[in-house]
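>>> Give the three-dimensional model of this entry:
(one chain, ligands or ions: 2)
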Amino acid sequence: PNSCVSDSSDSVISSGSDSEGQVYKVVLLGEHGVGKSSLARVFGGVEDGHDGDETGNTYDRSIEVDEEEASILLYDIWEQDNSQWLKEQCMRMGDAYIIVYSVTDKSSFEKASELRIQLRRARQSENIPIILVGNKSDLVRSREVSVDEGSACAVVFDCKFIETSANLHHNVRNLFEGIVRQIRLRKDSKEE
Ligand code: GDP
Ligand code: MG
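Ligands and ions are numbered 1, 2, ... in the order given. This next block holds a predicted model:
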């Protein structure tokens with residue numbers, strides 16, 4: 001049984017580890033059920049149709065943004081377990097963060113603010129790119145958080161804001177392009 005002789009399939013895509021291409025670590029935060037894993041699967045190009053309960057996934061993908069390739073390692077591990085250790089690890093490891101709430105769930109919106117504050121505390125002196133994401137924008141009739149509330153919150157917390165629908169794949173691409181642009185902006189201003 002040596003069926004594992006030349007299984008190179010999973011090393012082909014992750015090309016970003018050599019000198020020129022840096023891999024950006026992006027961490028998903030947010031309350032249970034807001035759509036983190038759904039967004040991650042859309043980003044990762046995984047077929048829909050399974051509401052997987054699986055936790056602790058990472059997705060490795062390159063996207064072209066402004067005619068330049070960027071490699072993203074997306075971590076959907078926030079809910080992997082309930083340990084304080086993991087939460088602290090998450091707060092430390094990211095080059096950028098996506099804080100997700102559901103526009104149909106006010107308490108997830110309030111939780112997003114809490115997470116933003118925790119993140120600021122954990123990474124005090126750093127200016128980390130953060131995007132606040134109001135997901136499930138397709139659920140028009142059960143909306144509890146308006147676009148204006150979302151964008152006002154982002155202004156207060158000094159981060160970007162976008163509404164998405166993982167189900168309709170709406171704005172998901174824009175979200176990840178936005179993250180890459182944010183990371184590049186901060187990097188450029190640091191180098192000057
Ligand atoms: P997580 O706990 O944050 O990882 O959330 P999941 O990705 O597991 O999603 C929780 C539930 O919300 C699932 O039943 C998803 O199908 C649903 N969901 C996620 N994103 C959307 C969306 O944009 N629109 C709608 N209508 N449902 C969504
Ligand atoms: Mg999940």
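>>> residues near the residue in the chain that ligand 2 sits nearest to, how many?
Closest residue of the chain to ligand 2, Cβ to the ion: residue 37 (3.2 Å). Where C-beta positions appear, they are placed from N, C-alpha and C, glycine not excepted. Around residue 37 there are 22 other residues, counting by other Cβ atoms under 10 Å.
>>> Per-residue pLDDT of it, please?
Confidence at residue 37, expressed as pLDDT, is 96.
>>> That one looks like it's in a strand, true?
No: checked against DSSP: H, G, I helix; E, B strand; the rest coil, residue 37 lies outside a strand; its state is helix.
>>> Just confirm it contacts residue 75, I think it does.
No: checked against Cβ atoms under 8 Å, the pair residue 37 and residue 75 is beyond contact range at 11.4 Å.
>>> Which elements pack onto the helix or strand hosting residue 107?
Secondary structure from DSSP states H and E places residue 107 in helix 106-122. Identification of packing neighbours for helix 106-122 by 3 or more Cβ pairs under 8 Å, 6 or more residues apart in numbering; DSSP states H and E yields strand 23-30, helix 84-93, strand 96-102, strand 130-135, helix 147-156.
>>> Make a markdown table out of those and add distance to ligand 1 and mean neighbour count.
Below are the helices and strands packed on helix 106-122 laid out as a markdown table (distance: least, Cβ to the nearest ligand atom, whole Å; neighbours: other Cβ atoms under 10 Å):
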| stretch | distance to ligand 1 | mean neighbour count |
| --- | --- | --- |
| strand 23-30 | 6 | 22 |
| helix 84-93 | 14 | 14 |
| strand 96-102 | 6 | 26 |
| strand 130-135 | 5 | 27 |
| helix 147-156 | 14 | 14 |
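>>> For residue 187, which of those is the nearest?
Closest approach to residue 187 among the helices and strands packed on helix 106-122 (Cβ to Cβ): strand 23-30, 9.6 Å.
>>> Can you add mean pLDDT and give the helices and strands packed on helix 106-122 back as CSV?
Shown next, in CSV, are the helices and strands packed on helix 106-122 (pLDDT from 0 to 100):
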stretch, mean pLDDT
strand 23-30, 97
helix 84-93, 94
strand 96-102, 98
strand 130-135, 98
helix 147-156, 97
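>>> Tell me where the model's unsure across the chain.
Residue ranges of the chain with pLDDT under 70: 1-21, 47-55, 192.
>>> quick one: contacts of the helix holding residue 107?
With contact meaning Cβ atoms under 8 Å, 6 or more residues apart in numbering, helix 106-122 is reached by 29-31, 33-34, 88, 91-92, 97, 99-103, 128, 130, 132, 134, 144-145, 149-150, 153, 157, 159.
>>> buried ones in it?
For helix 106-122, a neighbour-count test (16 or more other Cβ atoms under 10 Å) marks 108-109, 111-112, 115-116, 119-120 as buried.
>>> ditto for stretch 123-143
For stretch 123-143, using 16+ other Cβ under 10 Å, the buried residues are 128-137, 143.
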